[in-house]
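Sequence and predicted structure, then a few things I'm wondering about:
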2 protein chains.
Amino acid sequence: MYEGPIQELIDELGRLPGIGPKSAQRIAFYLLQTDKADVEKLAQALVTVAEKVQFCDVCFNISEGTTCRVCRDPRRDRTCICVVEESKDVAAIERTREFRGLYHVLGGAISPIDHVGPGDLHIAELLRRLQDSTVTEVILATDPNLEGEATATFIARMLAPTGITVSRLASGLPVGGDLEYADEVTLGRAFSGRRRVGA
Amino acid sequence: MYEGPIQELIDELGRLPGIGPKSAQRIAFYLLQTDKADVEKLAQALVTVAEKVQFCDVCFNISEGTTCRVCRDPRRDRTCICVVEESKDVAAIERTREFRGLYHVLGGAISPIDHVGPGDLHIAELLRRLQDSTVTEVILATDPNLEGEATATFIARMLAPTGITVSRLASGLPVGGDLEYADEVTLGRAFSGRRRVGA
């Protein structure tokens, strides 16, 4: 509908997830009115990501170098590994500041429907990391859905003979949520996982 | 939260209109998994827009060259100019394929609250285009809101002495809409603008 470059930009933006043709048009026109330097900064950020971001050799988290910031940090507790599906999960957990150990990013979850089996995930690399017996606890923090549960169960079974403590993140009511709006499965988990309070 | 380039990209994306931090993160991770060539294509589209897109010397529509595609097209009716607020409006009208004349993009609407007066719009340039008496009709297609109406009224008054036919787009019920959900102003306009049907 538009002439040359602007239409091309609208088309390219429309390919991004969650951006429809209307949003793409709004963004393109916004960029037209923006300072040229700012647009070039965004373009540069895109190119840099495409060129520089790689995955950590140790934990497969996204990283600027061959080893990620968490794996490089000498203050992290090297006896505990938290297993997650994606780098996004690492960021979410880091935001809580609750966890001081290391991570292992699987790169997804077991999902027969999407043809993702254990061999497609970084599970062999996890086992290799556990061989030198530095690690004494593995926390399985895969998503609390069908695929995440299946993946956690699979890894827990593989680790059973090793004697390493294996735990799973607690399921229950989200903090700040409303009991009456919780789905039955979550509420059921909250009951079975109830904890004693008081002395 | 992330290391280096990916966080920078998330920050840059988060500055775009309608993209919050969550969407920015989703897009950034999507781009990480995309083919590097595709990311570079998007970056190139951004740079090209910043460098090449300009505004038509005649009508102020966005354009790749000094004159836009519509103004260059010899098949367009040069006796009729449709006045709109933004280039987006040109695209919307072009999609209808109802109009074969030329456009004039004002670059906004009169809005005292935003300190936009007639002098901030391309109204003087419109008057200049009307001087050689090629144009016999001006259609005022500014938005059907307070600012758009004020702008249309202002231009209509300026053109009154020229003898040029001045019209305004019809207001009424949106096609495919539901009468019971129409607001009073729209329904009122639909009544006052009612047209005879049949022979």
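Cool, the structure landed.

Please make it C-alpha for all contacts and neighbour counts, starting now.
Noted.

Spatially nearest residue to the closest residue to chain B within chain A, not counting backbone neighbours?
Residue nearest to chain B within chain A: A:Ala43 (4.3 Å; Cα to the nearest Cα). Nearest residue to A:Ala43 in three dimensions, chain neighbours excluded: B:Ala43, at 4.3 Å (Cα to Cα, 6 or more residues apart in numbering or on different chains).

The residue of chain A closest to chain B falls within a helix, correct?
Yes: assessed by DSSP: H, G, I helix; E, B strand; the rest coil, A:Ala43 belongs to a helix.

For stretch A:120-132, what is the distance to the chain centroid?
18 Å (Cα atoms, centre = their mean, to the nearest Å).

Quick check: mean pLDDT of that stretch?
For stretch A:120-132, the mean pLDDT works out to 94.

What lies in contact with that stretch?
Applying Cα atoms under 8 Å, 6 or more residues apart in numbering or on different chains, the external contacts of stretch A:120-132 come out as A:His104, A:Val105, A:Leu106, A:Gly107, A:Gly108, A:Ala109, A:Ile110, A:Ile155.

Quick check: buried residues in the helix-or-strand element of chain A with minimal mean pLDDT?
Using mean pLDDT, DSSP states H and E, helix A:184-192 stands out as the lowest-scoring helix or strand of chain A, at a mean of 81. Within helix A:184-192, the residues scored as buried using 16 or more other Cα atoms under 10 Å in any protein chain shown are A:Thr186, A:Leu187, A:Ala190.

Phi first, then psi, for A:Cys80.
phi -130, psi 130 (degrees, to the nearest 10).

one step back: make a markdown table from the buried residues of helix A:184-192 and add distance to B:Ser87 to it.
Listed next are the buried residues of helix A:184-192 as a markdown table, based on distance: Cα to Cα, whole Å:
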| residue | distance to B:Ser87 |
| --- | --- |
| A:Thr186 | 50 |
| A:Leu187 | 53 |
| A:Ala190 | 55 |
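
okay, the nearest residue to A:Ile62 once chain neighbours are set aside: pLDDT?
Computed as Cα to Cα, 6+ apart, the closest residue to A:Ile62 that is not its neighbour in sequence is A:Phe55, at 4.4 Å. What the model reports for A:Phe55 is a pLDDT of 90.

what do you get for A:Met158?
93.

Please verify my assumption that A:Tyr103 contacts A:Thr79.
No: at 10.9 Å, A:Tyr103 does not count as touching A:Thr79 under the criterion of Cα atoms under 8 Å.

who's more crowded, the two?
With neighbours defined as other Cα atoms under 10 Å in any protein chain shown, A:Tyr103 and A:Thr79 compare such that A:Tyr103 has more, 27 against 14.

Just the ones in strands from the contacts of stretch A:120-132, please.
A:His104, A:Val105 (DSSP state E).

Mind picking the two most distant members of the contacts of stretch A:120-132?
A:His104 and A:Ile110 (15.4 Å; Cα to Cα).

Looking at those two, which has the bigger crowd around it?
A:His104 (28 against 24).

Would you map out the domains in chain A?
Listed by automatic domain parsing, the domain ranges of chain A are A:4-37, A:75-168.

where does chain A have low pLDDT?
Within chain A, the segments meeting pLDDT under 70 span A:198-199.

can you give me the helices in chain A?
Here chain A has its helices, by DSSP state H, at A:4-14, A:21-33, A:36-52, A:69-72, A:87-96, A:123-130, A:146-159, A:184-192.

Which one of those lies nearest to B:Gln25?
Closest to B:Gln25 of the helices of chain A is helix A:87-96 (Cα to Cα; 8.3 Å).

residues touching A:Gly172, list them.
So A:Gly172 contacts A:Thr186, A:Leu187, A:Arg189, A:Ala190, A:Phe191, A:Gly193 (Cα under 8 Å, 6+ apart).

residues contacting A:Val135?
A:Arg78, A:Thr79, A:Cys80, A:Ile81, A:Ile164.

Now flag whichever of these is closest to B:Gly20.
Out of the contacts of A:Val135, the member with the shortest distance to B:Gly20 (by Cα to Cα) is A:Ile81, at 31.1 Å.

For B:Tyr2, see how far away that closest one is.
Noted for A:Ile81: a distance of 19 Å to B:Tyr2, by Cα to Cα, to the nearest Å.

Mind checking which of those two has more residues around it?
Higher neighbour count among A:Ile81 and B:Tyr2: A:Ile81, with 24 against 19, using other Cα under 10 Å.

Can you name the residues bridging to the more buried one?
A:Leu102, A:Val138 (DSSP bridges).

Would you check that it makes contact with A:His104?
Yes: A:Ile81 is within contact range of A:His104, at 6.6 Å (criterion: Cα under 8 Å).

what's in contact with stretch A:3-15?
Counting by Cα under 8 Å, 6+ apart, A:1, A:19-21, A:23-25, A:28, B:41-42, B:45-46, B:48-49, B:52-53, B:62-64, B:69 sit against stretch A:3-15.

Can you select the buried ones among those residues for me in PyMOL?
Typed into PyMOL, the line below selects the buried ones among those, using 16+ other Cα under 10 Å:
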select buried, (chain A and resi 19+23+24+25+28) or (chain B and resi 41+42+45+46+48+49+53+62+63+64+69)
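
and the two most separated of the contacts of A:Val135?
Longest span within these, Cα to Cα: A:Arg78 and A:Ile164, 13.6 Å.

burial count for A:Arg168?
17.
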